[in-house]
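> After the sequence you'll find the predicted model.
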Amino acid sequence: MSDRFFVTTPIYYVNAEPHIGHTYTTVLADTLTRFERMRGRETLLLTGSDEHGEKILEVAKARGEAVATVAAHYSDLFRETWSELGIGVDRFVRTTDPQHEAVVSDVLQRLFDAGQIDFREYSGLYCVGCERFLTDRDLEDGLCRDHERAPEERTEANYFFRMSDHFEWLKGYLTENPEFLQPERYRKEALAMLDAGLGDLCISRPKKRLDWGIELPFDADYVCYVWFDALLSYLSGIGYPDGPDFESWWAASTHLIAKDILKPHAIFWPAMLRAMGLAPPHRLAVHGYWNVDDRKVSKSLGNMVSPRAMEATYGFEVFRYYLLRDMVFGVDSNFTEERLIARVNADLANNLGNLVSRSLNMTGRYTDGRVPPPGALGPAESRVREAAEAAFPAVEKAMASLQTHRALEAIFKIVDTTNRYLEEKEPWRAAKDPDRAQDVQTTLYTCCEALRITALLLAPFLPEHSSEILCRIGYERRLEEARLPEDLAWGGLAVGAETVKGAPLFPRIETAES
Ligand code: MSP
């Protein structure tokens with residue numbers, strides 16, 4: 001295992017506010033970095049804003065504002081949203097940053113000098129939504145599949161990156177490195193795209209039509225195609241070409257994307273990198289789409305689900321938990337508020353929240369508000385301990401393929417087992433019998449220790465609530481210093497630590513029907 005972990009989200013377009021889809025990818029990236037940090041790796045999360053191109057210009061025109069003003073407004077909105085929601089962004093690249101623009105310009109010049117870029121005439125159907133010329137496969141009934149709008153016929157003299165020179169190599173790479181592109185279905189899809197026959201990549205736009213972009217260093221009449229510019233943010237954000245840490249971060253890179261932008265990431269990007277003499281990213285991981293109430297998320301339907309609105313109604317971590325628990329990585333998922341409420345009430349309020357409040361209520365009443373000394377572990381305690389010990393290998397395995405729902409399932413087995421254990425031991429009854437004082441102590445120690453292990457494992461998913469649980473059971477190690485799996489060893493909780501009952505951690509969400 002490399003000692004570094006570098007994860008990227010797509011850099012988001014600055015034409016709309018952050019919604020459930022952007023939030024999911026970014027939350028997942030944050031969860032992965034927290035998990036890897038706890039495993040002792042140095043981590044870096046890169047996100048940003050994709051600001052050039054026709055799409056942004058259209059929005060600015062419609063609003064009657066300067067394009068740079070609109071871009072800055074939305075870029076700030078994304079950056080502030082992630083920060084307010086507690087997402088640990090290490091690098092935020094704006095494609096209008098002079099340092100990024102310099103990298104793009106430098107790469108263009110080098111590829112041009114190396115004969116990787118040609119000047120040719122091209123006619124085709126162009127979709128402004130996609131910011132590219134479409135192929136037959138992108139069309140349905142004459143409309144762009146993704147944007148459901150008619151593309152425009154365009155003929156232009158343009159610069160082309162000789163992308164097809166790299167296709168044979170790319171086919172081989174995708175075939176021989178099955179772990180590079182996950183899950184498997186998207187690797188197959190990428191191979192099918194190559195088989196269907198793609199041409200070279202048009203990487204310029206004439207300024208007379210579009211001047212909102214990075215000027216080509218070898219022809220001042222053109223700006224760079226927005227995707228060519230945007231993909232390079234993954235490098236400019238880590239100090240390419242000669243930053244001291246560039247190579248070690250790049251070797252440890254995971255790109256997270258949704259299926260909508262598979263082609264630029266699985267085809268354009270590896271070809272660009274190869275032309276530049278760089279290796280592909282370590283891993284490209286592709287998730288499905290969030291639909292809302294069974295419909296595609298769209299501005300016109302107004303079903304965007306804003307993370308800030310979710311925060312105001314439910315608290316952000318609860319929403320975050322739902323996203324990570326409900327989506328099966330790689331497959332589409334459907335968001336409804338009813339499902340969120342049902343999930344949160346079942347897992348967080350009734351199951352985990354209840355275990356925390358019962359356990360700490362009882363340490364308050366029966367063991368002087370302190371973690372009691374345990375006696376010898378009997379078979380019932382051993383079952384709890386075994387559940388706690390079984391969780392980490394399952395979590396580790398699930399996280400390797402980004403199956404956060406599986407990781408959470410594994411962690412909640414500890415909570416289920418401990419709740420059953422409490423029912424079986426009935427310490428509230430035992431407490432009435434002075435001869436069973438030791439029993440009560442063992443039971444409550446076991447519960448607090450199970451909660452400690454649960455909270456450590458949950459920390460990447462629910463950072464604030466996990467930290468609160470650890471605090472309430474008197475665990476002194478700070479979360480930032482905690483290490484997995486070392487700190488999961490049974491018996492890590494200090495006897496005599498002060499416990500605090502506190503307010504309900506996850507209040508039940510009441511609805512009109514409940
Ligand atoms: N700017 C490009 C990406 C350039 S990366 C070098 C772009 N931006 S975007 O704002 O449209 O973001 C697309 C990404 O947002 C998806 O790949 C995904 O990460 C996230 N999502 C946007 N809508 C989504 C859903 N409805 N569901 C899940 N995630 C989706 O494309």
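The structure has been received and is ready for your questions.

> who in the stretch 251-400 of the chain is up against the ligand?
257-258, 260-261, 289-290, 297 (Cβ under 6 Å from any ligand atom). Where C-beta positions appear, they are placed from N, C-alpha and C, glycine not excepted.

> which of the residues you listed tops the neighbour count?
Using other Cβ atoms under 10 Å as the neighbour test, these are led by W290, with 23 neighbours.

> burial measure for the residue nearest to that residue when sequence neighbours are not counted, as a count.
Spatial nearest neighbour of W290, chain neighbours left out: I20 (5.0 Å); criterion: Cβ to Cβ, 6 or more residues apart in numbering. Neighbourhood size, I20 [other Cβ under 10 Å]: 22.

> Surely I20 touches S298?
No. The pair I20 / S298 is not scored as a contact, 11.8 Å apart, by Cβ atoms under 8 Å.

> So for those two, which residues contact both of them?
Residues touching both I20 and S298 (Cβ atoms under 8 Å, 6 or more residues apart in numbering): M304.

> P264: what's it in contact with?
By Cβ under 8 Å, 6+ apart, the neighbours of P264 are 227, 231.

> Against P10, how distant is it?
Going from P264 to P10 by Cβ to Cβ, to the nearest Å gives 9 Å.

> do P244 as well
Distance, P244 to P10, by Cβ to Cβ: 26 Å.

> mind listing what the closest residue to the ligand within the chain touches?
Nearest residue of the chain to the ligand (Cβ to the nearest ligand atom) works out as G21 at 2.1 Å. By Cβ under 8 Å, 6+ apart, the residues touching G21 are 258, 289-290, 297.

> nearest to R145, of those residues?
Y289 (13.1 Å; Cβ to Cβ).

> Which residue comes closest to S164 once chain neighbours are left out?
Ranked by Cβ to Cβ, 6+ apart and with sequence neighbours excluded, the top spatial neighbour of S164 is D200, at 5.4 Å.

> tell me the contacts of that neighbour?
118, 160-164.

> can we see that at 6 Å?
Counting by Cβ atoms under 6 Å, 6 or more residues apart in numbering, D200 makes contact with 160, 162-164.

> In a markdown table, list these along with distance to Q441.
Converted to a markdown table, the contacts of D200 look like this (distance: Cβ to Cβ, whole Å):
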| residue | distance to Q441 |
| --- | --- |
| F160 | 75 |
| R162 | 73 |
| M163 | 68 |
| S164 | 72 |
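
> so which of the residues you listed is the most crowded?
M163 (22 neighbours).

> Find me the pLDDT at that residue, would you?
At M163, the model reports a pLDDT of 97.

> do A349 as well
At A349, pLDDT is 97.

> Can you tell me which residues in the chain are near the ligand?
Residues of the chain lying near the ligand (Cβ under 6 Å from any ligand atom): 10-13, 21-22, 24-25, 50, 230-231, 233, 257-258, 260-261, 289-290, 297.

> Repeat the analysis, applying 5 Å as the threshold.
Within reach of the ligand by Cβ under 5 Å from any ligand atom, the chain has these residues: 10-13, 21-22, 25, 50, 230-231, 257-258, 261, 289-290, 297.

> Now intersect the residues you listed with the strands, please.
Taking DSSP state E, the ones among the residues of the chain next to the ligand that sit in strands are 12-13, 50, 257-258, 290.

> can you list the residues you listed in CSV and add pLDDT?
As requested, these are exported to CSV (pLDDT from 0 to 100):
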residue, pLDDT
Y12, 98
Y13, 96
D50, 98
I257, 98
A258, 98
W290, 98
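
> okay, among those residues, which ones form the most distant pair?
Greatest spatial distance among those (Cβ to Cβ): D50 and W290, at 19.7 Å.

> what ranges do the strands span in the stretch 251-400 of the chain?
For the stretch 251-400 of the chain, the strands defined by DSSP state E, counting those that start in this stretch cover 253-258, 283-287, 290-292, 295-296, 333-335.

> which of P244 and P10 has more neighbours?
It is P10, of P244 and P10, that has more neighbours when counted by other Cβ under 10 Å, with 24 against 7.

> Thought L256 was touching that one, still the case?
No. Contact criterion Cβ atoms under 6 Å: P10 and L256 do not qualify, at 7.8 Å.

> Which strand or helix spans F119?
F119 is part of strand 117-127 when elements are defined by DSSP states H and E.

> do the same with G48
Judged by DSSP H and E, G48 forms part of strand 42-50.

> can you state the direction angle for the helix or strand just after that strand and strand 117-127?
On the C-terminal side of strand 42-50, the nearest following helix or strand under DSSP H and E is helix 54-63. Relative orientation of helix 54-63 versus strand 117-127 (axes from the mean of the first three to the mean of the last three Cα atoms, to 10 degrees): 50 degrees.

> Quick check: buried residues in helix 54-63?
54-57, 59-60 (16 or more other Cβ atoms under 10 Å).

> quick one on the thing from earlier: let me know the pLDDT of the residue of the chain closest to the ligand.
The model reports G21 with a pLDDT of 98.

> so how far is V305 from it?
G21 sits 9 Å away from V305, going by Cβ to Cβ.

> Closest one to L210 out of the buried residues of helix 54-63, please.
E54 (5.5 Å).

> Counting neighbours, what do you get for the nearest residue to the closest one once chain neighbours are set aside?
Excluding its sequence neighbours, the residue lying closest to E54 (Cβ to Cβ, 6+ apart) is V128, at 5.1 Å. Using other Cβ under 10 Å, V128 is surrounded by 16 other residues.

> pretty sure V128 is touching G53, no?
No. Checked against Cβ under 6 Å, the pair V128 and G53 is beyond contact range at 8.8 Å.

> separation between the nearest residue to W82 once chain neighbours are set aside and V27?
Excluding its sequence neighbours, the residue lying closest to W82 (Cβ to Cβ, 6+ apart) is V89, at 5.2 Å. From V89 across to V27, the span is 12 Å (Cβ to Cβ).

> Who has more neighbours out of the two?
Set V89 next to V27 and count neighbours by other Cβ under 10 Å: V27 wins out with 26 against 19.

> angle of the strand or helix carrying that one against strand 283-287?
Using DSSP H and E, V27 maps to helix 20-38. Interaxial angle, helix 20-38 versus strand 283-287 (the same axes, to 10 degrees): 140 degrees.

> Now find how far off-centre helix 20-38 is within its chain.
With Cα atoms, centre = their mean, to the nearest Å as the basis, helix 20-38 stands 4 Å off its chain's centre.

> Enumerate the positions of that helix that are buried.
20-38.

> Find the least confident helix or strand in this protein, judged by mean pLDDT.
Ranked by mean pLDDT, DSSP states H and E, the weakest helix or strand in the chain is strand 132-134, scoring a mean of 81.

> That strand pairs with which strands, parallel or anti?
strand 117-127 (antiparallel) (DSSP bridges).

> buried sites along the partner strand?
117, 124-127.

> Output the residues you listed as a markdown table; include the columns pLDDT.
Compiled in a markdown table, those are given as follows (pLDDT from 0 to 100):
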| residue | pLDDT |
| --- | --- |
| I117 | 98 |
| G124 | 88 |
| L125 | 91 |
| Y126 | 88 |
| C127 | 88 |
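
> right, and out of the residues you listed, which lies closest to A388?
C127 (52.5 Å).

> got the contact list for the closest one?
134, 144, 147, 151.

> ditto for V297
21, 304.

> Report how many residues lie close to the closest residue to M327 other than its chain neighbours.
Leaving out its chain neighbours, the residue that sits closest to M327 by Cβ to Cβ, 6+ apart is S333, at 4.2 Å. A count of nearby residues for S333, using other Cβ under 10 Å, gives 18.

> Before I go, just wanted to say thanks for your time.
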